[in-house]
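Chemist: pasted the sequence and its predicted model underneath.
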Amino acid sequence: MSDQKVRLSKRMSELGICSRREADELIVDGLVLVDGEVQSELGVKVFPHQTITLAKEAQKHLQSKVTILLNKPVGYVSNLPEKGYPPALSIITKDRQDPQFAKDLRLDPGHLMGLACAGRLDIDSKGLLVLTQDGRVAKQLVGENSNIEKEYVVWYEGSISDEAIEKLRFGLALDGKPLKLAKIQRTGPGKLQFILREGRKRQIRRMCELVSLKVTGLKRVRVGKIQLGGLQEGMWRFLKEGESF
């Protein structure tokens, strides 16, 4: 049994209870218990074997955090703003909520507080983008130990050999680091399916450059178990109760 103490917020993040920032908020509010005792001091440390529980009010707070699915068009930036280009967050308005998915929950200002992209989708690409207030979701999708699949449709110009496809699947490196095994197959003339378990910056386009393949279009159609489905381009919807990645 380890005798090394760690920060309570870090331990809560490791256990997937919530993000460190959320943990600090709950600790300050006196909503975190360690071995049955309330902990309200920031920076408090615990042993890994100790039992961490949340007050009912904390559970309600975490469950109220929303996750939004957006069908991002080309020309929008997902994370850091770029001069002259609108952020994907600007699409999250009442009139852009896809009506076919708007039966249960309607947008209010509180849903925009702390809402951030969980993963990138570059300005020249379109498709499924996830934004969330929930640190647990963000960690699941983009944490260093994330193993969630992301599926893409890639359109290209010219031709590609079977050898080049095999190289794309395994054997390439970016920024001096080898890439994880990818699933890649032809799905039609000038079209490939990519399934990745990581998300390096402009990864697919850079991979294709390494095998002299020119990408003309890229669309993300799935993240984990969540499909883009019938969500219209430039529209968004809430992740529904019972849905998970």
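Modeler: Sure, I can see it.
Chemist: quickly list the domain ranges of this protein.
Modeler: Here the domain parsing of the chain from automatic domain parsing is 6-63, 67-145+226-238, 150-223.
Chemist: need these in JSON lines (columns: distance to residue 244, mean neighbour count and mean pLDDT).
Modeler: In short, each C-beta sits where N, CA and C put it, glycine included. Output for the domains of the chain, formatted as JSON lines (distance: least, CB to CB, whole Å; neighbours: other CB atoms under 10 Å; pLDDT from 0 to 100):
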{"stretch": "domain 6-63", "distance to residue 244": "13", "mean neighbour count": "16", "mean pLDDT": "85"}
{"stretch": "domain 67-145+226-238", "distance to residue 244": "8", "mean neighbour count": "17", "mean pLDDT": "89"}
{"stretch": "domain 150-223", "distance to residue 244": "11", "mean neighbour count": "15", "mean pLDDT": "95"}
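Chemist: need those in CSV (columns: distance to residue 245).
Modeler: Output for the domains of the chain, formatted as CSV (distance: least, CB to CB, whole Å):
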stretch, distance to residue 245
domain 6-63, 13
domain 67-145+226-238, 6
domain 150-223, 6
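Chemist: where's stretch 189-197 relative to the chain centroid, distance-wise?
Modeler: When distances are taken as CA atoms, centre = their mean, to the nearest Å, stretch 189-197 is centred 19 Å away from the chain's centroid.
Chemist: stretch 194-201 too?
Modeler: Stretch 194-201 has its C-alpha centroid displaced from the chain centroid by 12 Å (CA atoms, centre = their mean).
Chemist: quick one: end-to-end distance for it.
Modeler: One end of stretch 194-201 to the other measures 15 Å (CA to CA, to the nearest Å).
Chemist: please verify my assumption that residue 165 contacts residue 187.
Modeler: No. Counting by CB atoms under 8 Å, residue 165 does not reach residue 187; the two are 11.8 Å apart.
Chemist: between those two, what contacts are shared?
Modeler: Common neighbours of residue 165 and residue 187 are not found (criterion: CB atoms under 8 Å, 6 or more residues apart in numbering).
Chemist: mind listing what the spatially most central residue of the chain touches?
Modeler: Centroid-nearest residue in the chain, with CA atoms, centre = their mean: residue 118, separated by 3.0 Å. By CB under 8 Å, 6+ apart, residue 118 lies in contact with 67, 130-132, 137-138, 141-142.
Chemist: how close does it get to residue 25?
Modeler: Relative to residue 25, residue 118 is positioned 19 Å away (CB to CB, to the nearest Å).
Chemist: quick one: the helices in the chain?
Modeler: Per DSSP state H, the chain carries helices over the ranges 8-14, 20-28, 56-63, 135-142, 162-169, 203-210.
Chemist: and residue 110, which of the ones you listed is closest to it?
Modeler: helix 56-63 (11.8 Å; CB to CB).
Chemist: and the residue nearest to residue 147 when sequence neighbours are not counted, what does it touch?
Modeler: Counting by CB to CB, 6 or more residues apart in numbering, residue 147 lies nearest to residue 197, which is 5.5 Å off, once chain neighbours are set aside. Contacts for residue 197 (CB under 8 Å, 6+ apart) come out as 146-150, 180-182.
Chemist: and with 10 Å instead?
Modeler: By CB atoms under 10 Å, 6 or more residues apart in numbering, the contact list for residue 197 reads 146-150, 179-183.
Chemist: redo those as CSV? Include distance to residue 109.
Modeler: Converted to CSV, the contacts of residue 197 look like this (distance: CB to CB, whole Å):
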residue, distance to residue 109
146, 30
147, 35
148, 30
149, 34
150, 30
179, 41
180, 39
181, 43
182, 40
183, 41
